[in-house]
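> prediction below, plus the sequence it came from.
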Amino acid sequence: MRRILVLLPAVLILACADRPTQPEANHNPQPASRSAVGVDDDAVVGTVTTASFDAGHSHADIIADGTTYNGLKFETDHDWGMYYDSNKGNGGSNCLYDNAVEPGDILWLSVTKSDFGDFRFDSIWIGATAGNTSITARGYLDGVEVEVSEDVDVSFDGSHTFDWSRVDEVRFEAETDLFSCFDDFTYASYGSTDVVGPVEGADADVTAPIVGVDTDLDGFTIEAGDCDDSSPEIHPGKTEILRNGIDDDCDASTADVAAAGTLITASFDAGHSHADIIADGTTYNGLKFETDHDWGMYYDSNKGNGGSKCLYDNAVDPGDVLWLSITKTDFGDFRFDSIWIGATAGNTSLMVRGYLDGVEVETSEDVDVSFDGSHTFDWSRVDEVRFEAETDLFSCFDDFTYASLEP
């Protein structure tokens, strides 16, 4: 990798001030200054680190504010901090958890590095509980809020991706009680050198002086290969987001198309008999099905594509099915191409939604299902597809075509 030195003007204007304090946080002074020309003096991001919370505590221990794990420090709005759970974390591991074993509810959890340095915040695993179903995540830099994600859905166990380019604190907030389980905080520290970024094709042991202003504070100037210095989400080394029409990594040779596996058409010809009730959680050809009813869907032996089998709701049990959710059995990401839907005497249009890590990323409204046929969506990356009806999902589903994506 070519290391590039930043030449600053002869006269530096240094702004040294105490780090501002948030009204409800115990912020610490920021030890480092930043250069007046706009290029951070610590602009090189290091290796991505996933800090699991498997410290040497016992189940139900109270974790006091200021406790550190794997280079991170934790604070809450209560002096006694968080509760430690030994099996509610990712894969049954340990996690930080509030179960109100002490008086009063926790309203926020603040995570900083133990050295209070800047970092890129990628993701965190949050486990669902019987408490709150959504939280707000905020990112701060030198006491100023620079990132915010509202209504983060924490009604399921899973990882939540943020991809915030530079913060020094992440705070998770709830309106009434932060009743969730936190694990696997993934981040990358910023270093303390004057390197701005790599230049493609340069020798690893060559340095070259480049003067430039890092306007978007993503660690790269235009001179260092940033093809859009107005957006911190676009820079060399950024993961290319498929089919968004943007050169995210500033590398024209990186394809903006789905790096997917072979397309698979999963027909629903499982070994069931006509009129069987298919319970929630049933799998076909690597897919898993859930509905808003525990008893799931009805199985029809001849209403599918070409007279084949299909999943069908004909209200053989009390209550109408309002939605059908389809995921991979390993809950991995996939490209969703199409599905065959058979018409019935019931609803004539559906709403179809695509989710990724619990966030809705695709929507197709008023999908016409008044005819038997295939419907093409061509969604680049999701991990769940949900079909919804206002009154009854009275359609026949077959031939779900998708391609698995690498993580």
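On my side now, so go ahead.
> measure Lys238 to Cys227 for me?
Per C-beta to C-beta, to the nearest Å, Lys238 is found 10 Å from Cys227. C-betas here are computed from N, CA, C, even on glycine.
> the two: who's more crowded?
Neighbour count, other C-beta atoms under 10 Å: between Lys238 and Cys227, Lys238 has more, with 22 against 17.
> identify the residues contacting the more buried one.
Asp248, Asp249, Cys250 (C-beta atoms under 8 Å, 6 or more residues apart in numbering).
> how near is it to Val213?
Applying C-beta to C-beta to Lys238 and Val213 gives a distance of 19 Å.
> hmm, back to that, which neighbours do Lys238 and Cys227 have in common?
Common contacts of Lys238 and Cys227 (C-beta under 8 Å, 6+ apart): Cys250.
> now do the contacts for Asp248.
Asp248 neighbours (C-beta under 8 Å, 6+ apart): Glu233, Ile234, Lys238, Thr239, Glu240, Ile241.
> to clarify, my last question referred to Thr254.
With the criterion set at C-beta under 8 Å, 6+ apart, Thr254 makes contact with Glu240, Asp247.
> mind doing that once more with 10 Å?
Lys238, Thr239, Glu240, Leu242, Asp247, Asp248 (C-beta atoms under 10 Å, 6 or more residues apart in numbering).
> quick one: which of the residues you listed is nearest to Trp125?
Thr239 (18.8 Å; C-beta to C-beta).
> okay, now the closest one: neighbour count?
Other residues within reach of Thr239, judged by other C-beta under 10 Å, total 10.
> so it makes contact with Ile246?
No. Taking C-beta atoms under 10 Å as the definition, Thr239 is not a contact partner of Ile246, at 11.8 Å.
> next, count neighbours for the residue nearest to Leu405 when sequence neighbours are not counted.
Spatial nearest neighbour of Leu405, excluding adjacent residues (C-beta to C-beta, 6 or more residues apart in numbering): Asp333 at 4.4 Å. Residues near Asp333, counting by other C-beta under 10 Å, number 17.
> which residues touch Asp333?
Ala260, Leu356, Asp357, Ser380, Arg381, Val382, Asp383, Glu384, Ser404, Leu405, Glu406, Pro407.
> of those, which belong to strands?
Secondary structure assignment (DSSP state E) places Leu356, Ser380, Arg381, Val382, Glu384, Ser404 from the contacts of Asp333 within strands.
> I'd like to know which of these are buried.
Leu356, Ser380, Arg381, Val382, Glu384, Ser404 (16 or more other C-beta atoms under 10 Å).
> re earlier: ok, the contacts of Asp248 vs Ser58, which is closest?
Nearest member of those to Ser58, counting by C-beta to C-beta, is Thr239, at 38.4 Å.
> what about the closest one, which helix or strand?
According to DSSP states H and E, Thr239 maps onto no helix or strand at all.
> pull the contacting residues for it.
Contacts of Thr239 (C-beta under 10 Å, 6+ apart): Asp122, Asp163, Asp248, Asp249, Thr254.
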